[in-house]
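J.: Pasted the sequence and its predicted model underneath.
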Amino acid sequence: MEEKVNKTRNLSVAEYFDVIQREYYIADFRRKIYYNPKDKRYYGRVMEHKRAKIEDIASRNHLDSIFTSAAKAAEIRGTLFDGLGRPIFDMTPEDQQNYYSVGNEFSYCGKVWTLDAIQSDGRLVLYSSYEECYETVERCDVIRIL
């Protein structure tokens, strides 16, 4: 007997509705962090497709969605991002590379810093052009400015 695999086609409509709303936010996140215009267009198209599916399911079933309810949007975003906007879902290696690319701007201690280098231990070396200084910090202490 074949085991049930946890794929979209095995989800109920309600479960699929929840998953596709999460996927919409992840596609939006990737559209913002990827540099390649081709990738940005791809994730933009993914978002359009997912939005149409979300709106269709919501309409047919009289459900609140991330587009019609601020509470639902906050609930779904809260499963993917912490209170400061940092991703709490498992980013792919490509996501990590694009999120932590040298030259990206990050918020640290309420100020804008630029990522100058990534140390071998994973800590980030930030540069503040305002204060003209460098600071080495843990990844959990910064937020990418998107």
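T.: Yep, it's here. The model shown is predicted, which means the values in this text are computed figures rather than measured ones.
J.: Low-confidence stretches in this protein?
T.: 1-8 (pLDDT under 70).
J.: at 90 instead, please
T.: Low-confidence regions of the chain, defined by pLDDT under 90, span residues 1-11, 83-85, 130-131.
J.: Tell me which residue is most central in this protein.
T.: Phe29 (3.5 Å; Cα atoms, centre = their mean).
J.: how about the helix or strand containing that one as PDB, C-alpha atoms only?
T.: Phe29 is part of helix 13-33, with elements assigned from DSSP states H and E. Written as PDB, here are the backbone C-alpha positions of helix 13-33 (Å, rounded to 0.1, in the frame of the first residue of the first chain):
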ATOM      1  CA  VAL A  13      -9.100  22.900   0.200                       C
ATOM      2  CA  ALA A  14      -8.800  24.600   3.600                       C
ATOM      3  CA  GLU A  15      -5.200  23.300   4.100                       C
ATOM      4  CA  TYR A  16      -4.300  24.300   0.600                       C
ATOM      5  CA  PHE A  17      -5.800  27.800   1.100                       C
ATOM      6  CA  ASP A  18      -3.600  28.200   4.200                       C
ATOM      7  CA  VAL A  19      -0.400  26.900   2.400                       C
ATOM      8  CA  ILE A  20      -0.900  29.100  -0.700                       C
ATOM      9  CA  GLN A  21      -1.300  32.200   1.400                       C
ATOM     10  CA  ARG A  22       2.100  31.400   3.000                       C
ATOM     11  CA  GLU A  23       3.600  30.700  -0.400                       C
ATOM     12  CA  TYR A  24       2.400  34.200  -1.600                       C
ATOM     13  CA  TYR A  25       4.300  35.900   1.200                       C
ATOM     14  CA  ILE A  26       7.500  33.800   0.600                       C
ATOM     15  CA  ALA A  27       7.300  34.600  -3.200                       C
ATOM     16  CA  ASP A  28       7.000  38.300  -2.200                       C
ATOM     17  CA  PHE A  29      10.000  38.000   0.100                       C
ATOM     18  CA  ARG A  30      12.100  36.400  -2.700                       C
ATOM     19  CA  ARG A  31      11.000  39.000  -5.200                       C
ATOM     20  CA  LYS A  32      12.500  41.600  -2.900                       C
ATOM     21  CA  ILE A  33      15.800  39.900  -2.000                       C
END
